[in-house]
Structure formats: structure tokens, C-alpha cells
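A.B. asks: one predicted model, sequence on top.
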Amino acid sequence: MEILGNGKNESDCDRMKELKAFDDTKLGVQGLVDSGVMNFPKMFLRSANELAEELNHSRSHIRLPVIDLNGLLTDQRRKIVDQIQNGVRQFHEQDLDERKEFYSRGRARRVRFNSNHDLFQSNRADRRDTLSVSMLTSDHVDPNELPTSCRDAAIEFINQTAKVGDTLFELLSEACPEPELAMGVTKHTDNTFLTILAENQTSGLQVLHESQWVDVHPIAGSLVVNIGDLVQVVSNDKFKSNMHRVLPRRVPRISVICFFTGRADPPARLDGPIKELISEGNPSKYRELLVSEYVSRFFTRGLHEKPSLKDYRL
Ligand SMILES: O=C(O)CCC(=O)C(=O)O
Ligand SMILES: [Fe+2]
């Protein structure tokens, strides 16, 4: 392999060119699909090591816990989930100009579209595109900031999911006193308190359980809830954040996700686990942590090396 004068080798430079060309299209993975490519560029391919790791995890038939909400606002819930799924699909599949307009890697834009937030930091790009709405600096979203294709549906979804989140925090804090502290695709855990997602009928999401990847089977109109790292900290490991990943699929997977991290300003500080859970027999396992720092470290690293709770363990 030829080593170039700047310490980078030829394949590093080719890869950088490939990444840059992809980023410059501002159309994400869907843009590649639309262009009719038969073979995805090298930047998306899993390494031999990654593929070998796959063999170490046997597939499991364990079923995940499901709370059956049938009968509880069923029609309304299905409608809200269907509307946001359709809106997001339209944004990703039809609105070329809107996608370009919203394309941004900077975190300054509250509403932004991109593919792989860690494109230039990760070893390999994931096959996914993301439209995100950041609520870190304000609880209020101005509808005009949102793409027209999913504007109304997104407002409804955000409002309703916030209510589901509040209910879940209440349920968790029955086991975890001091509720005021309970604020809110490479394998990873979420750097949130809770994550709530509405997926379409395309499977692919898996959680790691006792070294086995367990499929999360999509259920129409349902919501998937992940416990995030921050609940693991405040609960002193009583609730563990779950390792998960998404396998690539031939048909598009649409996942509308609300990450509950709370507000970044003023900066929320977690003084480690909540006091009532700590005793001589069960000492604190974590030191204090600034939520905004934890969240922003996530954005400045590749997902494969996201900040880990290990950095905060006592
Ligand atoms: O596609 C999904 O449903 C999950 C994505 C995910 O885990 C994440 O964005 O944190
Ligand atoms: Fe996740």
C-alpha cells in the first residue's frame, strides 16, 4: 500500500473521498438507493472481524416483554403512529429538495437531516438516514421549523410521546424514589433516560440478552421503549440500559424515535445515583455527570466508541 507524505495511506484518502462525495450529495442512503446502485460503496461494508463477531452470538427465540394496550385509545394511537410513519416516509422518499435544505452536520440546527451523525468518526457507515428534532434547548417546537411532509404528524407525535414518557417515568420512579431526578445502529446503548420509538413493520431491531441477539418483532401501533444509560446511573444499576442494534433490511425501516435526555440549558447535573438507593451494602456505583456533556460526547465520537458508563463508574 502506498504511504502518502501526510501520514495517511492511499486507502484512507480514497475512503475520505468516498465519504465526502456521499456527504456532498445531501441525499443520504435513500439517494444512493434512488440512483439505482447495485453494490453499496465500501464505506458501508462490515469488516471481516465484525462479521466474525456475528458468529459468536447465536440467535435467540426469547420474546421481549410486551404491554398489550389494545382497547386503550387503539384507533387514535394507530392513527398517530401511521401518520408519522407516512410523513417520515414521504420526507425520506420524495422530498429531494426538502432533504437537501435540511441537511446539516452541525448541531446548531434544531431540525436537521443527515446520514450517520458519526460519518467522519466511525469505522463504517450504517445504512440509515435520520431526520432529528432536538428539544435540548426548548420544549416548544415551532411547526414552521419542521419539514412540510411530516409537520402536523410530528407535532402530534412529539406531544403524545411526551405524555407516554411522563407516564413511564412515573412508573419507574415508583421503584426509584425522588421523581424530580427522573427527567428525561451499530450496537450501542442509548445516552438517554428513556427512548421511545414507533417502528414500521420492517424488523431488524435486536437487543442483546445474555450474549444472544433477540429480535424485536414489530407490532402494529406499538411503541418500543429502551432504558437509557442515565436511568442506569440514577438507579445505581437497578435498571440497566440495553445494548441494541439494527440489522440492515431490503425494505425500508422507518423508526420515529424520541430520545428523552432533558434540557441542556441550564445544564442538568446528576449527582450519581439517587440517595435512597444507596446504602452501605449497596454503595454508589457512579460519580456525578453533566447530562449535556454526556450527550455532546455522543455526537463527537463514532457510535462504536460512544461515551460509556464505564468512564463514570466508581
Ligand atoms: O432504528 C431503530 O429503531 C433504532 C435506532 C436506534 O437505536 C437509535 O437511533 O438509537
Ligand atoms: Fe438506540
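C.D. replies: The structure has been received and is ready for your questions. Ligands and ions are numbered 1, 2, ... in the order given.

A.B. asks: so who does A52 touch?
C.D. replies: With contact set as CB atoms under 8 Å, 6 or more residues apart in numbering, A52 has no partners. Using the backbone N, CA and C atoms, a C-beta is placed for each residue, glycine as well.

A.B. asks: how about stretch 249-269: buried residues?
C.D. replies: Judged by neighbour count (16 or more other CB atoms under 10 Å), stretch 249-269 contains these buried residues: 253-264, 268.

A.B. asks: what is the nearest of these to Q85?
C.D. replies: Nearest to Q85 among the buried residues of stretch 249-269, counting by CB to CB, is I254 at 5.4 Å.

A.B. asks: do I have it right that the closest one meets G204?
C.D. replies: No: with contact defined as CB atoms under 8 Å, I254 does not reach G204; the gap is 10.9 Å.

A.B. asks: close to ligand 1 as well: tell me which of the buried residues of stretch 249-269 qualify.
C.D. replies: S255, I257 (CB under 6 Å from any ligand atom).

A.B. asks: which of the buried residues of stretch 249-269 lies closest to K100?
C.D. replies: I254 (19.9 Å).

A.B. asks: what's near enough to touch the residue nearest to the closest one when sequence neighbours are not counted?
C.D. replies: Sequence neighbours aside, N200 is the residue nearest to I254 in space, at 4.4 Å (criterion: CB to CB, 6 or more residues apart in numbering). Contacts of N200 were listed using CB under 8 Å, 6+ apart, and they are Q85, R89, P218, P252, R253, I254, S255.

A.B. asks: now those residues as TSV including pLDDT, distance to D311 and secondary structure?
C.D. replies: Output for the contacts of N200, formatted as TSV (pLDDT from 0 to 100; distance: CB to CB, whole Å; DSSP: H, G, I helix; E, B strand; the rest coil):
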residue	pLDDT	distance to D311	secondary structure
Q85	93	36	helix
R89	94	38	helix
P218	91	34	coil
P252	80	35	coil
R253	84	31	coil
I254	88	33	coil
S255	88	28	strand
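
A.B. asks: what's the farthest-apart pair in those?
C.D. replies: R89 and P218, at 14.8 Å, using CB to CB across those.

A.B. asks: and the helices in the stretch 201-314 of the chain?
C.D. replies: Assigned by DSSP state H, counting those that start in this stretch, the stretch 201-314 of the chain shows helices spanning 229-234, 291-299.

A.B. asks: any idea which of these scores lowest on pLDDT?
C.D. replies: When these are ranked by mean pLDDT, helix 291-299 comes last with a mean of 78.

A.B. asks: all set, thanks.
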